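Asker: need a 3D model of the following:
(4 chains)
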Protein chains: 2
Amino acid sequence: MAVRLADVARAAGVSVPTASQVMNGTGRVADETRKRVLDVAKELDYRPNALARSVALGRSRTIGVLAENAAGAFCMPVLIGVNRALSSQDLASLLFDARHDPATRRDHIRHMLDRQVDGIVVIGEGPDVAIAALEERFDGPIVHAFGPHDPPHAVGVYPDEFAGGALAARELLAQGRKRIAHVTAGADLPSVKEREAGFRAALDEAGIRCEVVLHGEFTRAWGQASAERLLAALPDVDGVFAGNDGIAVGLAAALEARGRRVPADVAIVGYDNVAGYGEDTKPYLTSVDPHLELVGERAGAYLLAALEGDEGDRAPVAPDIAPGASTRGEGDDRRLDLVEALLRSATAPPVTYLPPAGS
Amino acid sequence: MAVRLADVARAAGVSVPTASQVMNGTGRVADETRKRVLDVAKELDYRPNALARSVALGRSRTIGVLAENAAGAFCMPVLIGVNRALSSQDLASLLFDARHDPATRRDHIRHMLDRQVDGIVVIGEGPDVAIAALEERFDGPIVHAFGPHDPPHAVGVYPDEFAGGALAARELLAQGRKRIAHVTAGADLPSVKEREAGFRAALDEAGIRCEVVLHGEFTRAWGQASAERLLAALPDVDGVFAGNDGIAVGLAAALEARGRRVPADVAIVGYDNVAGYGEDTKPYLTSVDPHLELVGERAGAYLLAALEGDEGDRAPVAPDIAPGASTRGEGDDRRLDLVEALLRSATAPPVTYLPPAGS
DNA sequence: TTCGGGTGACTAAGCGCTTTGGCATATACT
DNA sequence: AGTATATGCCAAAGCGCTTAGTCACCCGAA
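Answerer: Residues are numbered from 1 along each chain as shown, chains lettered A, B, ... in the order given. Just a heads-up that it's a prediction; the model follows:
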């Protein structure tokens, strides 16, 4: 079957421990011997059995990733980032999806601990993960990416919501907007609070007030519904920071329906940059991109550091602005039809797929 | 530290092998002893070390999932399905993302084989995965979910594209449409061929012809551009099957811009149901939903069966129609939904997989 | 009373790897 | 020459678990 370390040792005329030391670069081995072993290993294409190694070492070089809701739009980018960080160090990740279910979540936690994961990344909510893990006598690091954590048992890596709010403000300010509003979700959500605080802070710096804040929910329907209230409260509004892209799109459409041109009359900044993820397009919506991949990558990197005993970097991840037509318009002055704008932005590359021969 | 089987054995006053047999339900153990061991195990909250077990057994109860492009819209649903199937049997999955890079892909294959995966699921392209795995002396099952495979080394589980095309046809027929067209991507793509064949077959059954077929690419831009040609070729077109949702929304918008009302004048059916995935919305677009989660689940189930030595089910996965306003009308939100659909479709990558071409 | 068979536990060996400790041999020094 | 020191390798033990093989025991049958 597979090539074992014993095979290499035999072929190289050394003992198994010596071969082991060569493979790990530990212990004292003569250069000449080392080379011989390495040559033989390469010759035989020796591939160490990571499982056995893990048992001997007591470390699996595997981390568990627990997604609260894998189907959600925010999970994949974070997951990709986590994996990128891990694979750079030959770690692998076991993925579990809790599907918002406490029982499932607990099962998965037990399961990953049974598999001796060295650490845990939680993507999304994951309440009580740290507690549950502790109850199972888990003593590895736990890091939450993009979800609240339970200090002091776990740490978290998050997008910088405050900075994101500030970016949104600066985008509007850069377009010369003065009558500013914020349409967002419930004020009880920490991310909502942070974004709003950052938004206000950046406006303050410029000596401009946020005149209206409407709290609702993170849906397109709310964005649409908010338009009327917004116009009633601030008829000459010329810049809106929407709490997420759903709100932004709903609001934009509803404003257009009421005769306000976007961005000529009202500039709109969204949040999350969902449209921008995964492909290069010139989108309609200007949106704050929280760089979720980077959040995942940082979370993974933090875990790597923690496994080495170091204190990793868990600074919030700086967002970016993804410019779109909803604040910067187009070169010409003509009315921006939402659909037309979207269609104009269609720059998807052609399909260049060829089926493999003979399949 | 953790509780070992030895701890349980000692506390129960038996030897380790006896305890092992109790935990596995193997061997002959007196009922009284069995009960005592189990009680002690529960008492101590014994959790077997899956790693050590794997080494002893030579099976890791872990499967490797290799995504060709995790960031793509089609990956996550499949992945979720795979995981669902696996977790039902206490298997876990190691996730790797090849990112379209052959070198990365090969690295990941080696890596997962090093970790002694019992089987492999490939999501998306994954050319040569089977070959590479074989070269590494891998002898476990390999199943491709939603991507071409290399028979006879691997098997594939795919959405039923033919049936999907037929569904689209029946949706249009059910709405009484007679002047039918199909706007799709390049005829060299197997999925395009299958969908078209299914579409034509179902139309034939009703004695209706597909009068125009336009081949382009899987983009919104092509959908938009196709409108003019479509109207030139078939001015009184009243039903269109679009090859994917991107084409559908582009076409819908362009038709609306030319004064054709959707669906009053022209009904449109898309494919992939990207808008419907992951969130509850009242969609604009009627779309064929290929049930990618189910594809993943079936692929996982197939692997499970293969690991047991059985021949699993690899029949194509039947699609469904996800009804929307573009064929069945209704909804003041229609235009708004179109906007959203466009936003979403901005992230939809082209379909690049092979249908079950008799494999 | 002895023998065969069934029962229920155990000892031994093995999975593939790692680490510790010790023993030769070679080199350096008085 | 004889002691110290360094070098290179290996035997042994260990990780936590599993399986195969063995053995003591108790029973009923002859």
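Asker: surely A:Ser15 meets A:Leu5?
Answerer: No. A:Ser15 lies out of contact with A:Leu5 (C-beta atoms under 8 Å); the separation is 10.3 Å. C-betas here are computed from N, CA, C, even on glycine.
Asker: name the element A:Gly223 belongs to?
Answerer: In the assignment (DSSP states H and E), A:Gly223 maps to helix A:220-233.
Asker: which one's more surrounded, A:Ser15 and A:Leu5?
Answerer: A:Leu5 (20 against 12; other C-beta atoms under 10 Å in any protein chain shown).
Asker: name the SS class of the residue nearest to the more buried one when sequence neighbours are not counted, please.
Answerer: What sits nearest to A:Leu5 in space, not counting adjacent residues and going by C-beta to C-beta, 6 or more residues apart in numbering or on different chains, is A:Ala19, at 5.4 Å. Look at A:Ala19: counting by DSSP: H, G, I helix; E, B strand; the rest coil, its state is helix.
Asker: any idea how far A:Ala19 lies from A:Ala52?
Answerer: Look at A:Ala19 and A:Ala52: by C-beta to C-beta, to the nearest Å, they are 14 Å apart.
Asker: higher neighbour count, those two?
Answerer: Taking neighbours as other C-beta under 10 Å, A:Ala19 and A:Ala52 compare with A:Ala19 leading, 26 against 17.
Asker: next up, the contacts around the more buried one.
Answerer: By C-beta atoms under 8 Å, 6 or more residues apart in numbering or on different chains, the residues touching A:Ala19 are A:5, A:8-9, A:12, A:37, A:41.
Asker: make CSV from the residues you listed and add distance to DNA strand D, secondary structure and pLDDT to it.
Answerer: As requested, these are arranged in CSV below (distance: C-beta to the nearest atom of the strand, whole Å; DSSP: H, G, I helix; E, B strand; the rest coil; pLDDT from 0 to 100):
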residue, distance to DNA strand D, secondary structure, pLDDT
A:Leu5, 11, helix, 95
A:Val8, 12, helix, 95
A:Ala9, 7, helix, 94
A:Ala12, 9, helix, 94
A:Val37, 9, helix, 95
A:Ala41, 14, helix, 95
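Asker: closest to A:Phe138 out of those?
Answerer: Set against A:Phe138, the nearest of the contacts of A:Ala19 by C-beta to C-beta is A:Leu5 (30.3 Å).
Asker: wait, the closest one sits on A:Val16?
Answerer: Yes. With contact defined as C-beta under 8 Å, A:Leu5 counts as touching A:Val16 (5.8 Å).
Asker: can you name the residues in contact with stretch A:34-44?
Answerer: Applying C-beta under 8 Å, 6+ apart, the contact partners of stretch A:34-44 are A:3, A:7-9, A:11-14, A:18-19, A:22-23, A:29, A:46.
Asker: if we use 7 Å, what do you get?
Answerer: Contacting residues not belonging to stretch A:34-44 are listed as A:3, A:7-8, A:11-12, A:14, A:19, A:22-23 [C-beta atoms under 7 Å, 6 or more residues apart in numbering or on different chains].
Asker: now do the SS call for A:Gly156.
Answerer: Here A:Gly156 is strand, with the state taken from three-state DSSP.
Asker: so in terms of bridging, what pairs with it?
Answerer: A:His144 (DSSP bridges).
Asker: quick one: it and A:Pro141 touch, right?
Answerer: No. Look at A:Gly156 against A:Pro141 with C-beta atoms under 7 Å: they stay out of range, at 11.8 Å.
Asker: let me have the contacts of stretch A:34-44 in JSON lines, extended by distance to B:Pro151.
Answerer: Shown next, in JSON lines, are the contacts of stretch A:34-44 (distance: C-beta to C-beta, whole Å):
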{"residue": "A:Val3", "distance to B:Pro151": "28"}
{"residue": "A:Asp7", "distance to B:Pro151": "32"}
{"residue": "A:Val8", "distance to B:Pro151": "34"}
{"residue": "A:Ala11", "distance to B:Pro151": "36"}
{"residue": "A:Ala12", "distance to B:Pro151": "39"}
{"residue": "A:Val14", "distance to B:Pro151": "43"}
{"residue": "A:Ala19", "distance to B:Pro151": "39"}
{"residue": "A:Val22", "distance to B:Pro151": "41"}
{"residue": "A:Met23", "distance to B:Pro151": "37"}
